[in-house]
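Quick one, what's the 3D model for this:
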Amino acid sequence: MALQLFGFHERPHDFAATKAGVPLEDCVFLLDFSRPLGRLRWLGALNKWVGITVGLLVPVVHQAEQSGGYVISIRRGEPYFIDIPNLWKKNYGLKRTLVATPIGGLDIIANFARHFPDDCQ
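This is a model prediction of the structure:
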């Protein structure tokens, strides 16, 4: 399923993300603007340095974590492919201040698998 983003009026730099087609109330991952956006480029072979950008490696963080370690992929032509770099230009370096009640690591892994099944391979 395609990436869905949900914005918040009261927190304009927070965006909930999912690829599971669930409503906002069930989204537990946010875009993580505290880490850099990665790019996959093509110039005869996939690389990170030169060529046409064909994919993005988008950092996400679980709402119960202070800092995230998960990354999702967005391919050229998918919804938000053009918008994600613009969001990073506007919000890069911002850290979240709102963190939910901590949960176990296995629950976070299970939530990631539920919301981003294609990125678990």
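
max-length strand in this protein?
strand 52-62 (DSSP state E).

Name the surrounding residues that touch the next helix-or-strand element following it.
Later in the chain than strand 52-62, the nearest helix or strand by DSSP states H and E is strand 70-75. Here strand 70-75 makes contact (Cβ atoms under 8 Å, 6 or more residues apart in numbering) with 3, 17, 19, 29, 38, 40, 54-62, 80-81, 84, 112, 116, 118-119. Quick note: C-beta positions are derived from backbone N, CA and C, even for glycine.

go again using 6 Å as the cut-off
Contact partners of strand 70-75, identified using Cβ atoms under 6 Å, 6 or more residues apart in numbering, comprise 55, 56, 57, 58, 59, 60, 81, 112, 116, 119.

So for the residue of the chain positioned farthest from its centre, what's the pLDDT?
Within the chain, the residue lying farthest from the chain centre (Cα atoms, centre = their mean) is residue 44, at 27.1 Å. Looking at residue 44, its pLDDT is 94.

In this protein, mark out all the helices, start to finish.
Under the criterion DSSP state H, the chain contains helices at 83-91, 105-115.

so which of those helices comes closest to residue 23?
If you check each of the helices of the chain against residue 23 by Cβ to Cβ, helix 105-115 wins as the nearest, at 12.2 Å.

And that closest one, what's buried?
108, 111, 112, 114, 115 (16 or more other Cβ atoms under 10 Å).

Same check on stretch 27-41?
Buried residues in stretch 27-41, counted by 16+ other Cβ under 10 Å: 27, 28, 29, 30, 31, 32, 33, 34, 35, 37, 39, 40.

Check stretch 50-70 too.
Neighbour counts over stretch 50-70 (16+ other Cβ under 10 Å) mark 55, 56, 57, 58, 59, 60, 61, 62, 63, 65, 68, 70 as buried.

hang on, the earlier thing: of all pairs in the contacts of strand 70-75, which one spans the longest distance?
Every pair of the contacts of strand 70-75 checked by Cβ to Cβ; the farthest is 81 and 112, at 20.9 Å.
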